[in-house]
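# fold the following, please.
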Amino acid sequence: MRRHCTFSLLLATVCWLAGDLASQAQTGKKIYLAPDDHTDFIWSASEADYYGYFQKMLSYHLDQIKITAKEPAGRQSKFTTDGSLWLKVFRDGSLKPDFDLAGKGDRFAELMQRHKEGNLTTPLTPLVCSWGGAPAEAVLRSMYFPGRLERQYDMRFRFAQALENQTIPFGLGSLWSGSGAKYAWHGVCACATVVKEDELRNREREVYRWRGQDGSSMLMKWYTYFTNESIGGYAEARKPDKATELLLNEPRYQGYQVLGAFGQGWDDKLTLNSDIRDYVWRREPDEHEVRVSNTIDFFEQFETQQAPLLQDFSAAFGNDWDIQPASLAEVSARVKRSLIKLRAAEAMAAFVALENPKFKEDATTKRARELAFLNLGLYFEHDLTVTGFAQERLDWQKRLVEEIDRYVQALYVDATSALGSLIKKSGNGTRFFIFNPLGWERTDVANIPWTDNEPVHVVDLTTGEEIPSQFVPTSVKPTALRILAGDVPSAGYKVYEVRPGKGKDPTTTLTHEDTTIANEFYRIALSGRGAITSMQPASGGGLEFVKAASPLKFNDLTTNPDSKTAPDGGTVSLEGGVGPVSVTLRAVRREIPAHTVKVTLYRGIPRVEIENTVTENFGNTPHYWAYHTAFAESPDTHHEEVGAILLAKLTSDAGHYSPVAARYDLLTMNSFVTMTGKIGSTAAGLTLSNADGLFFRLGNSTSHSLDTVTPSFHPLLGGKFTGLDSQGHETRFLQRYALRAHTAYSPVSAMKFAQEHQNPLVVGAVTGGKVYPEDRASLLQVDNPNVLLWALKVHDDGIGKGLVARAWNLATRPQSYTLSTLRPMGEARRITHIETDDATLTAPILKEGRMTATAHGYEMQTHRMVIGR
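Down below sits the predicted model:
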């Protein structure tokens, strides 16, 4: 009996404890504290010092993980780096291009194993970057290094972050999601900013589904800001006891059962402690569960336990620290130029690799490629500003660009030469192939290097007909032979032969009179200061796109885009005469800053091409190219941001920009800006293609006000809002634009126009081979005009994995499209943007050697295709 009573009491006690634990599970909260270190690269320490810090910290935390391996998961040591550069340096010891791709010893293998096990986390992003000035492809290529590690070590990187900067681009989430990331964290500094702090302190949502324009989503943690060493900052768990107390007691978090505080290192140079783990160990048990976190576990638990709290949200916030690269306008422009050249180089290399699988696959080239791609993201690292390391930082920025240029130029030159050696050739004539890197057939101009002044004419081998040609002066050669190449195939080439003799008497549709030039589409007037003072349709009708009442016109260089006066001076002259292919006006103004403007019209091409060259340093003062249009007030303005096409209005006005916690004075201007509205009673539109710039000001927008009424926009030449001084002491700045008039807005037409302007046809000598047709060939065709080929390349792991095609649906609705290749496909599959196979992605349909896929509106997709030989 006594034994029975004891057993009953024990059973009752166990039942009571079980009930109490169940109650705790219902009422207690889960707090996830994630240790990390925050990198302020070449801001708080030198490049060499940081490389040492990365290795020391990772070695320390690997040791701590090993020591605590037998503890329960929530009490084990964990650590989160803030970029893939940590891993590269730990593997190679340096960012110099002299490392072994195979990795160094077991320690790196151990590092990757700890990632797989969940004790270490590294984001897909290379370091803490401010992405608002970055081209979409730069963002993607910067994540190729972790993509290679994914495939080498059979694991995935699911996390991305953008810290300290108060703003974040709208389209970044789509690019991250398409690269395999599921979770994101944004914590701000609330320092060195004009973004209103009170708006950062009062966020409408703490965790949400970051919904992309393409329908993609990521789980985003962006807490309300308290301090930058606490919740909402970039070191939320720096004081783990206070962070835990705040999360448990702050009223705004009472509805959450799962809460997280990420970040520990703040501005420390390195983090060699286990303060967060030690706090978890010594904390007195209560109804709440406090865990050491790897960041990922927080999101996984939140998805499981708190899904009903999640809202969809998407908005653009403009650019805050993102505008730092404008303090290095010419250096930054070189990044964009390299990306453009890379597109052509990779497409030609794909042609070559189908016949020569070892082409550019040597170890030296692989090392240079890995470095160049990583640099495309590192260039936008968030500490591009004046510190005690300003000169080292400037040197580093320029070195990144030189390493990108070196890789791209070598690939471009070698691929051009190799492709020319594979094209069949009969006879002894001088032949050139004209290569189109874009995914649709196009007619455009091409400049053939030519120094002989004897008369020649050019024949299209496809048709056997003579085509328009003329000699033009160039900065590279004494002259070039400019041709009008018609119907050049998508991702393909046509061959032309230069023959001696004058040929037929040339005719032209181009005219020149004083300071005015015209073609079949436009009549353009240019002033001595380099401003376009008139842009009218050639057909007449009185439609004028330039605002007559404004002192500043189109392409007016100024420090004040709303100035009530215009500068005087400068001269205008005709450059090279009126030819059958093109006509160019040249304006030269000597006043500070001295600059030259060339405006060119082409036969048969509805494009007004503008080449601006500033020939002296203009210091820190922001300079703009003003564009005052004749549209009525309140036109619509669309522009390419970072992987998204935005309407520059507030979300409350059916646009994309957040009405709070945003900065509006400089918007991203990647490929184009389009303004549509009415001129008088006529519906009209104007698209500006942007080859070299990063940002533009819309109307009279300020940091806190988005001006959607004033019908003007002003591309930024450069200036120091924040960043380095005196434009890195550069004295030559090239910024190229193009204009096209139209009626209704079409994102597809705007992007195609911009890409044709920015991606010139490539010219290469045909030296003769036995493989490809001697007249024309296309490597890839896209059957849907709304879907644009964005990249065509050999898979990053080599041609054995096939070719990779990236396609962007620029229609607002889903589109089905078919990719066809020069030779039939034997295999096709959807992959991430960083080229990792992913079984969760909907596979394309492969039929008769062609693949068909369907993309959501504005969705970018990447496919791997194995092509037969």
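
# burial count for Ser705?
For Ser705, the count of nearby residues is 11 (other C-beta atoms under 10 Å). The way it works is simple: take the backbone N, C-alpha and C, and place the C-beta from them, glycine included.

# give me the pLDDT value at it.
Per-residue confidence (pLDDT) for Ser705: 99.

# tell me what it is bridged to.
Bridge pairing for Ser705 (DSSP bridges) gives the partners Thr702.

# contacts only, for the nearest residue to Arg590 once chain neighbours are set aside.
In this structure, Arg590 finds its nearest non-sequential neighbour in Gly569, 7.1 Å apart by C-beta to C-beta, 6 or more residues apart in numbering. Shown in contact with Gly569 (C-beta atoms under 8 Å, 6 or more residues apart in numbering): Gly528, Arg529, Arg589, Arg590, Glu591.

# and those residues, which are buried?
Among these, those buried by neighbour count (16 or more other C-beta atoms under 10 Å) are Gly528, Arg529, Arg589.

# let me have those in JSON lines, adding secondary structure and pLDDT as columns.
As requested, those are exported to JSON lines (DSSP: H, G, I helix; E, B strand; the rest coil; pLDDT from 0 to 100):
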{"residue": "Gly528", "secondary structure": "coil", "pLDDT": "98"}
{"residue": "Arg529", "secondary structure": "coil", "pLDDT": "97"}
{"residue": "Arg589", "secondary structure": "strand", "pLDDT": "97"}
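
# now, among these, which is nearest to Leu601?
Relative to Leu601, the closest of these is Gly528; by C-beta to C-beta it sits at 18.9 Å.

# OK, contacts around the closest one?
Asp568, Gly569, Gly570, Thr571, Val572, Ala587, Val588, Arg589.

# is Val696 in a helix, a strand, or coil?
Not quite, residue 696 is Phe, not Val. Following DSSP: H, G, I helix; E, B strand; the rest coil, Phe696 is assigned to strand.

# who does it bridge with?
The residues listed as beta-bridge partners of Phe696 by DSSP bridges are Leu667, Pro715.

# where's it relative to Leu761, distance?
The gap separating Phe696 from Leu761 is 27 Å, by C-beta to C-beta, to the nearest Å.

# my read is that His288 contacts Lys29, right?
Yes. Between His288 and Lys29 there is a contact under C-beta atoms under 8 Å: 4.9 Å.

# can you list residues touching both of these two?
Common neighbours of His288 and Lys29 (C-beta under 8 Å, 6+ apart) are Leu248.

# what sits closest to Phe79 if chain neighbours are left out?
That would be His61: by C-beta to C-beta, 6+ apart, it lies 4.0 Å from Phe79.

# pull the contacting residues for the one you found.
Ser77, Phe79, Leu120.

# could you dump the residues you listed into CSV and include secondary structure, neighbour count and distance to Asp837?
Shown next, in CSV, are the contacts of His61 (DSSP: H, G, I helix; E, B strand; the rest coil; neighbours: other C-beta atoms under 10 Å; distance: C-beta to C-beta, whole Å):
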residue, secondary structure, neighbour count, distance to Asp837
Ser77, coil, 24, 32
Phe79, strand, 27, 28
Leu120, strand, 24, 23
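
# show me which of these is closest to Arg252.
Phe79 (28.7 Å).
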